[in-house]
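Visitor: Make a model of this:
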Amino acid sequence: MAYTTINPYNGKLLAQFETLTDQQLEQKLATAAQCYLSWKNTPYAERAAIIAKAGELMHARFDELARKVTLEMGKRINEARGEVKFSADILAYYAKNAERFLAPEALHPVEGEAHMESSPIGVVFGVEPWNFPFYQLARVAGPHLMAGNVLVIKHAGCVPQCAIAFEQLLLDAGAPAGLYTNLLISHEQSKQVVDDERIRGVALTGSVAAGRSLAAWAGQNLKPSSMELGGSDAFIVLEDADLDLAIKWAIWGRMYNCGQTCCAAKRFIVVDKLADAFLEGFQAVLAAMLPGDPMDEKTALGPLSSEAALLQLLEQVQTAIAHGAKVLLGGGRIDRPGAFMAPTILTDIAPDNPAFRDEFFGPVALFFRVPDEEAAIALANDSDFGLGGSVFTRDLARGQRVASRIETGMMFINSISWSDAELPFGGIKNSGYGRELGNMGIQQFVNKKLVRYVSAQAPV
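Guide: Have a look, this model is predicted:
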């Protein structure tokens with residue numbers, strides 16, 4: 001059974017699903033390809049009616065859908081409800097704005113008239129992760145379906161019920177057969193899908209290893225791709241920062257979704273003058289976070305998504321310690337049923353420590369003390385990743401100057417406010433390429449066609 005729901009709160013098996021046979025996969029791809037022939041010519045208003053309706057259904061069913069998230073990957077229930085509502089808003093955003101985003105753009109050549117027009121490219125294959133089971137689907141479905149493409153999606157193996165529920169939302173909203181197809185397939189079958197001539201684009205959100213593999217496979221087939229991969233975001237606190245504000249955002253930035261977020265705050269880089277006070281406040285709040293049932297709204301600390309995720313994180317921490325890192329707080333699993341990791345702070349992490357380069361996908365904070373702004377910028381940029389980051393200072397001009405010098409796809413000043421449908425999301429370096437959300441997100445898988453007219457005699 002490749003697709004299995006195990007409740008990470010108590011380890012109980014909830015459901016299992018068989019992978020598709022090759023024959024079943026072929027039928028689904030054929031249906032998607034057939035759907036594209038009509039969907040690409042469907043007017044924006046008709047597309048929008050379906051996508052907007054799916055968003056309305058998500059809002060109406062938000063609690064039911066949120067419970068699926070919590071049961072399958074352990075997200076605290078209020079965070080899960082917020083995810084579902086935001087996912088619905090993304091669908092509504094593209095239903096409203098897609099036609100404007102893809103409107104013909106007039107050009108001004110020396111002779112004649114010209115414009116750029118946007119058209120869909122075909123069936124797009126998406127591979128999506130478990131950490132945001134609905135949000136990740138909405139941010140590909142909203143733009144790419146509204147652009148006139150058709151989607152076939154392989155979701156993560158531990159959230160099959162969320163995957164099935166999202167497909168059902170679109171069907172209930174009136175989507176034609178094949179418009180959005182959930183594929184319960186193996187990794188080997190994923191390569192078959194990329195090879196298939198009916199697939200015209202590939203989108204992945206996942207690990208660096210998965211990105212390298214799928215991007216290479218898409219490139220071999222000369223198919224465009226977008227890769228949203230991991231991150232090790234710097235959280236810079238300068239000496240003039242509002243300390244209370246910085247600590248509050250540090251807690252949220254590291255512990256939201258139990259730290260299982262690609263753009264979470266992971267490397268805390270604090271200028272000497274505030275380092276002790278910041279660390280004292282940060283540690284005190286983390287130490288007070290008690291584990292509990294993620295279905296309980298009062299729970300502060302939920303489980304990781306799976307036992308496997310917990311074991312991987314524990315191994316990373318032990319490797320960091322073996323290479324000289326010190327444990328200021330936590331460092332191990334919590335002695336209770338479920339995949340619970342104690343909130344952890346590691347210090348004294350030298351550049352030759354594997355932890356210096358790794359991404360820690362869970363409630364583990366890496367703390368670095370630096371003498372000044374220049375050292376903070378240099379350390380922030382000394383990373384294989386380049387997704388997001390933040391800087392805290394009372395001087396907005398200074399914050400903007402620092403933000404401009406950090407080598408990432410996103411930077412935030414005095415916050416980590418990345419969750420807006422209007423704002424492009426994505427990174428550089430090992431964090432991948434391409435953008436999702438905003439106007440840029442809908443441009444990833446469209447043909448930008450030049451059309452020109454010149455009133456002139458044919459050349460002799």
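Visitor: Below-threshold pLDDT in the stretch 1-150 of the chain: ranges please.
Guide: 1 (pLDDT under 70).
Visitor: which residues in it form strands?
Guide: When assigned using DSSP state E, counting those that start in this stretch, the strands of the stretch 1-150 of the chain occupy the ranges 3-6, 13-17, 105-107, 113-120, 123-127, 150-154.
Visitor: Quick one: distance of the second one to the chain centre.
Guide: Relative to the chain's own centre, strand 13-17 is displaced by 25 Å; criterion: CA atoms, centre = their mean, to the nearest Å.
Visitor: That one - which strands sit beside it in the sheet, and in what orientation?
Guide: The partner list of strand 13-17 in its sheet, established with DSSP bridges, is strand 3-6 (antiparallel).
Visitor: Over to the fourth one?
Guide: Sheet pairing here is set by DSSP bridges, and for strand 113-120 it gives strand 105-107 (antiparallel), strand 446-453 (antiparallel).
Visitor: Adding mean neighbour count, write the strands of the stretch 1-150 of the chain out as TSV.
Guide: Backbone N, C-alpha and C define where each C-beta goes, glycine included. TSV is the format used below for these (neighbours: other CB atoms under 10 Å):
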stretch	mean neighbour count
strand 3-6	20
strand 13-17	13
strand 105-107	11
strand 113-120	16
strand 123-127	25
strand 150-154	24
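Visitor: Figure out which of those strands is closest to residue 411.
Guide: Comparing those against residue 411 with CB to CB, the closest turns out to be strand 123-127 (26.9 Å).
Visitor: rewinding a little: of all the strands of the stretch 1-150 of the chain, which lies closest to residue 357?
Guide: Between residue 357 and the strands of the stretch 1-150 of the chain, the tightest spacing by CB to CB is seen for strand 123-127, at 24.3 Å.
Visitor: Put the alpha carbons of that closest one into CSV.
Guide: Only the C-alpha atoms of strand 123-127 are listed here, as CSV (Å, rounded to 0.1, in the frame of the first residue of the first chain):
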residue,chain,number,x,y,z
VAL,A,123,-1.7,18.8,-19.5
VAL,A,124,0.5,19.8,-16.6
PHE,A,125,1.8,17.2,-14.1
GLY,A,126,2.2,18.3,-10.5
VAL,A,127,3.9,16.6,-7.6
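Visitor: now that strand: how far from the chain's centre is it?
Guide: On the basis of CA atoms, centre = their mean, strand 123-127 is displaced by 15 Å from the centre of the chain it belongs to.
Visitor: what's the angle between it and strand 150-154?
Guide: 20 degrees (axes from the mean of the first three to the mean of the last three CA atoms, to 10 degrees).
Visitor: Which strands and helices lie in contact with strand 123-127?
Guide: Packed against strand 123-127 by the contact rule (3 or more CB pairs under 8 Å, 6 or more residues apart in numbering; DSSP states H and E) you find helix 22-39, helix 135-146, strand 150-154, helix 187-195, strand 199-205.
Visitor: okay, the ones you listed, which one's buried deepest?
Guide: With neighbours defined as mean count of other CB atoms under 10 Å, the helices and strands packed on strand 123-127 peak in mean count at helix 135-146, which reaches a mean of 27.
Visitor: So which of the strands paired with strand 113-120 is nearest residue 141?
Guide: Of all the strands paired with strand 113-120, strand 446-453 comes closest under CB to CB, at 15.3 Å.
Visitor: gap between that closest one and the chain center?
Guide: Counting by CA atoms, centre = their mean, strand 446-453 comes out at 31 Å from the chain centroid.
Visitor: just to revisit the earlier point, got JSON lines for the strands of the stretch 1-150 of the chain, with distance to residue 357 too?
Guide: As requested, those are exported to JSON lines (distance: least, CB to CB, whole Å):
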{"stretch": "strand 3-6", "distance to residue 357": "31"}
{"stretch": "strand 13-17", "distance to residue 357": "36"}
{"stretch": "strand 105-107", "distance to residue 357": "42"}
{"stretch": "strand 113-120", "distance to residue 357": "39"}
{"stretch": "strand 123-127", "distance to residue 357": "24"}
{"stretch": "strand 150-154", "distance to residue 357": "28"}
